[in-house]
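**Q** got a predicted structure plus its sequence, pasted below:
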Amino acid sequence: MSKKPDFKEVLQAIIVADSFNSRFAPLTQTKPRALLPLVNVPLLDYTLEFLAANGVHEAYVLCCSHADQIQEHINVINTTGVGQRMKITTCHTAESLSVGDAMREIHRMGVINSHFILVTGDLVSNFQLGPLLQEHKARYKANNNAFITMLFQECQPNHHLRTGEEDIAIAVESKTDRLLHYSQSDTDINIPISLLVERNTLKLRYDLLNCHTAICAPVIPALFEDNFDYQSMDDLITQTLEGDGISSGQIFMHCLKNSYAARASNLTSYAAISKDILRRWTYPLVPDVFALDHPPARRKGKHIYLQPKVVLSRACVLERDVAVGDSCQIGHDGQAETRVRGSVIGARTRIGHGCMLVDSFVQSDVTIGNNCTLTKVILGQSVTLLDNVVVEPGCVIGDEVTLGPNITIPAHTKISRSLPEVDAWSDDETETEVLKTPEGVYDVGLVGAKGQGLLWHDAIDEDDAHEAKYRQWIDYRPSLIAEEAAAADESDDDDFDDEIVEQMPLRDDREEFYEIMVELLCNTLQTDASGALDTTVTADDIALEVTGNRSAMHLSPQEVWMEIIVLWWCVSSRFCWVLGAGGSCSSVCASVRCCPCAILLLLNPWCYRGADKGSDSATAMYFHQGAILLSPIFGNYIGTEADHRTMMTTLEAAFASRPFAQPCFLKLLHTLYDQDVLEEDMLLQWYHDAILQPDADEVHRSLYKQVEKFMDWLEEAESESGDESEE
């Protein structure tokens, strides 16, 4: 008897590369959104890499706008990239005006024959699909009505990825995670009362972000074919839950934890995801690991990534969270300083001297002249800024535009080199012709005497104000909070006693953050029996807690790191004293918490673990280990020159107030330098300013004397580095 062949099921995926809106115009006037660069890698490639890493065998890319460019890109990666691990096919759906149209086209093609993954072409994710896929298939085998598993990311309402565009509320069956209600609203959330009456328990969740990733049964394309009212996945979901008579299907949900999944659906989320990539929340999809047609970037401290052939002048300062593309040149030696922070610079870009780039995204082949300032700006490909151009926050500059010289572009201005022809306003994701403007016929009042560009108007229907909000690069979270507060003020609830409110003490956000950090650091900075720091808790664990609480309490980055560094001092000093005297960790927390102001703890007598001379080195080692553990967090928040000055002033004052702690000063500075928290030039600047102070007392002078040799070594290293650069 012959053995039956072992047929392996082919795992398929459908990628909807078109977004069917114009959130990114005018950038999408000349290229599809899926190919816009995100930290110098096309958006689509993040989605393809995610699918290939999860074992997908076949991926169908549905494209309408600029399909020829997507096809050309797929041809390249099929021979040199992810296409060698996964079969990728483009499906040109020229007549499609929505996701529903594209899914109907897929049904007519008849290519889906198994459970498949449905994603958008602007997804960045690193979670594992395997266990979720098996769970979905097992559920479907037991109940063939269970045809969709939707994936959500746990995300609090004030998280930076919550842009307000897709705030959703869902009702879920507690035991099975079956989705019972799904609504999307900026303000009101209406849950049918029948859901509450029919069940003893029900989970209502507003803390989720839709990942736009779903595991679907093979029947899903046919459902779109049967109902032309389904124009999006949301239509299918809501009408299925409401019982439209087309399908008796059931939808289930899964909440992702300890992973990353987000969609660059608008300019605000694009900026947020870019920062997350730079800060390595998306690992392994980070610049020094995930590279396509070039070698991986070289990673430096403070989340700085440099591609090959980058030329940085001596007058160039990359502060933090910066990615620089291949063959870029920034600054001019001997000229005014150029500073870059929180920005991505595309390949072959040239930036002059005296410039400042903050939270901006510059595509490839851009030229930026001298003394230009960009804050929260996106520059398209081959843009030219002449000298003395200021681009204010929220501006989007299309490909090949020239601006300047000596002009200021007002906030939230969009500029294009040319305008679309009639009726192209409605959708940049449909194929449109472009109206080429004759040379010299430009809006020089806007773009400057030598500029080349025209004001781009986002034409919005009167009934589509919701869509208009998300064509601007604006963080709507503060406004949402303000709206909620205003709604509460207008409440007609007479049972609420205003006099009681006046008597209730207001809780300060910094005070609450302080208490949470006390508990966190007390639990983190514990030691084992040998005196070594317990390494059970990682820097990533602490960073996650810090970021979440900072967002929830609306604190500035400076408030966060100042609290952390002071509390680190407080908790560490108390551990050295209390534990040395036989106390407990809880008594450490209590002693720190009872102090009304954290910095006052530094005025308490410094006590060591023991009375012997060896306690100096033990205490120094304790601080050394704590500094290594917390350095990634300090590095996230300390980037500017002002941040360095504040930190050095704080450390100096703390050590000077307790002379017994001075033996740790050199060790601590050296550790923070080795961990890329304190920069060489900032340390030297602090030192030279400090030793020139005529009124410095003996205690401060002893601190400066202690670090003198270390500073001499830094100066020699800097001098040698400069000589090598000249050669």
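**A** Received the coordinates, thanks.

**Q** mind listing the helices for the stretch 601-727 of the chain?
**A** Ranges of helices in the stretch 601-727 of the chain, per DSSP state H, counting those that start in this stretch, are 615-637, 641-657, 665-674, 680-691, 698-706, 708-726.

**Q** tell me the buried residues in the shortest one?
**A** Think helix 698-706. 700, 703-704, 706 (16 or more other Cβ atoms under 10 Å). C-betas here are computed from N, CA, C, even on glycine.

**Q** also the second one?
**A** Of the residues in helix 641-657, those with enough neighbours to count as buried (16+ other Cβ under 10 Å) are 643-644, 646-648, 650-652, 654-656.

**Q** what about the residue nearest to Ser174 when sequence neighbours are not counted, which SS state?
**A** By the measure of Cβ to Cβ, 6 or more residues apart in numbering, the closest residue to Ser174 outside its immediate chain neighbours is Thr201, 4.3 Å from it. Counting by DSSP: H, G, I helix; E, B strand; the rest coil, the backbone at Thr201 sits in coil.

**Q** what is the burial count for Thr201?
**A** 7 (other Cβ atoms under 10 Å).

**Q** then Thr413?
**A** Number of residues near Thr413 (other Cβ under 10 Å) recorded here: 17.

**Q** hang on, Gly394 packs against Lys376?
**A** Yes. Using Cβ atoms under 8 Å, Gly394 is in contact with Lys376, at 6.1 Å.

**Q** between these two, which has more neighbouring residues?
**A** Neighbours were counted for Gly394 and for Lys376 using other Cβ under 10 Å; Lys376 has more, 22 against 19.

**Q** now that one: how far from Trp686?
**A** Using Cβ to Cβ, to the nearest Å, we find Lys376 at a distance of 30 Å from Trp686.

**Q** then Leu62?
**A** For Leu62 relative to Trp686 (Cβ to Cβ), the value is 57 Å.

**Q** repeat that for Gln706.
**A** 14 Å.

**Q** how many neighbours does Glu72 have?
**A** Using other Cβ under 10 Å, Glu72 has 12 other residues around it.

**Q** same question for Asp712.
**A** Residues near Asp712, counting by other Cβ under 10 Å, number 11.

**Q** measure it to His670 for me?
**A** Using Cβ to Cβ, we find Asp712 at a distance of 13 Å from His670.

**Q** ok, back up a step: measure the residue nearest to Ser174 to Lys414 for me?
**A** Thr201 sits 49 Å away from Lys414, going by Cβ to Cβ.

**Q** in the stretch 1-150 of the chain, which spans are strands?
**A** Taking DSSP state E, counting those that start in this stretch to define them, one finds strands in the stretch 1-150 of the chain at 12-16, 37-38, 41-42, 58-63, 87-92, 116-120, 123-125, 146-154.

**Q** Asn227: which of the ones you listed is closest?
**A** strand 146-154 (14.2 Å; Cβ to Cβ).

**Q** name the residues that touch that closest one?
**A** By Cβ atoms under 8 Å, 6 or more residues apart in numbering, the list of residues contacting strand 146-154 from outside reads 127, 132, 135-136, 139-140, 161, 170, 179, 207-211, 213-217, 219-220, 237, 247, 249-257, 259-262.

**Q** would you mark the buried spots in it?
**A** The neighbour-count check on strand 146-154 (16+ other Cβ under 10 Å) flags 146-153 as buried.

**Q** please check the contacts of strand 146-154 and keep the buried ones.
**A** Among the contacts of strand 146-154, those classed as buried by 16+ other Cβ under 10 Å are 127, 132, 136, 139-140, 161, 170, 179, 208-211, 213-217, 220, 237, 247, 249-254, 256, 260-262.

**Q** so which of those belong to helices?
**A** 132, 136, 139-140, 220, 237 (DSSP state H).

**Q** pick the one among those closest to Arg298.
**A** Closest to Arg298, out of all of these and judged by Cβ to Cβ, is Leu132, at 35.3 Å.

**Q** quick one: contacts for the closest one?
**A** Taking Cβ under 8 Å, 6+ apart, we find Leu132 in contact with 149, 151, 215, 254.

**Q** JSON lines for those residues, including distance to Val546?
**A** Shown next, in JSON lines, are the contacts of Leu132 (distance: Cβ to Cβ, whole Å):
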{"residue": "Thr149", "distance to Val546": "32"}
{"residue": "Leu151", "distance to Val546": "26"}
{"residue": "Ile215", "distance to Val546": "33"}
{"residue": "His254", "distance to Val546": "27"}
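
**Q** ok, which pair from these is furthest apart?
**A** Once Cβ to Cβ is applied, the contacts of Leu132 give Ile215 and His254 as the farthest pair, at 8.6 Å.

**Q** any idea how far the residue nearest to Val10 when sequence neighbours are not counted lies from Met86?
**A** Leaving out its chain neighbours, the residue that sits closest to Val10 by Cβ to Cβ, 6+ apart is His57, at 4.7 Å. According to Cβ to Cβ, His57 stands 6 Å off from Met86.

**Q** compare these two (neighbour count), which wins?
**A** Shown here are His57 and Met86; by other Cβ under 10 Å, Met86 has more neighbours (21 against 16).

**Q** list the contacts of the closest residue to that one other than its chain neighbours.
**A** Excluding the flanking residues, the one nearest Met86 by Cβ to Cβ, 6+ apart is Ala52, at 4.4 Å. By Cβ under 8 Å, 6+ apart, the contact list for Ala52 reads 82, 85-86.

**Q** Val317 too?
**A** Contacts of Val317 by Cβ under 8 Å, 6+ apart are 337-340.

**Q** how much space separates it from Thr338?
**A** Val317 sits 7 Å away from Thr338, going by Cβ to Cβ.

**Q** what about stretch 665-684, distance to the chain center?
**A** Here stretch 665-684 is found 27 Å from its chain centre; the criterion is Cα atoms, centre = their mean, to the nearest Å.

**Q** still on that earlier bit, ok, so of the ones in helices among the buried ones among the contacts of strand 146-154, who is nearest Asp676?
**A** Among those, and counting by Cβ to Cβ, the member closest to Asp676 is Leu132, at 37.2 Å.

**Q** so what's that closest one scoring on pLDDT?
**A** pLDDT, Leu132: 92.

**Q** likewise for Pro393?
**A** 92.

**Q** what do you get for Thr408?
**A** 95.

**Q** same deal with the one 4 residues further on?
**A** The predicted local distance difference test score for His412 is 91.

**Q** number of residues surrounding it?
**A** Around His412 there are 15 residues (other Cβ under 10 Å).

**Q** check the gap between it and Tyr260 for me.
**A** Computed as Cβ to Cβ, the His412 to Tyr260 distance reads 29 Å.

**Q** now swap in Ser19 and tell me
**A** From Ser19 to Tyr260 the distance is 20 Å (Cβ to Cβ).

**Q** Asp18 now?
**A** 24 Å.

**Q** same check on Val61?
**A** Val61 is 22 Å from Tyr260, by Cβ to Cβ.

**Q** from the contacts of Ala52, which land in helices?
**A** Among the contacts of Ala52, no residue falls in helices (DSSP H).

**Q** make JSON lines out of the residues you listed and add distance to Ile330 and pLDDT.
**A** Compiled in JSON lines, the contacts of Ala52 are given as follows (distance: Cβ to Cβ, whole Å; pLDDT from 0 to 100):
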{"residue": "Val82", "distance to Ile330": "31", "pLDDT": "83"}
{"residue": "Arg85", "distance to Ile330": "36", "pLDDT": "87"}
{"residue": "Met86", "distance to Ile330": "37", "pLDDT": "90"}
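
**Q** how about those in TSV, adding distance to Gln452?
**A** Listed next are these as TSV, based on distance: Cβ to Cβ, whole Å:
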residue	distance to Gln452
Val82	37
Arg85	43
Met86	42
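
**Q** out of those, who's nearest Asn370?
**A** Among the contacts of Ala52, and counting by Cβ to Cβ, the member closest to Asn370 is Val82, at 40.5 Å.
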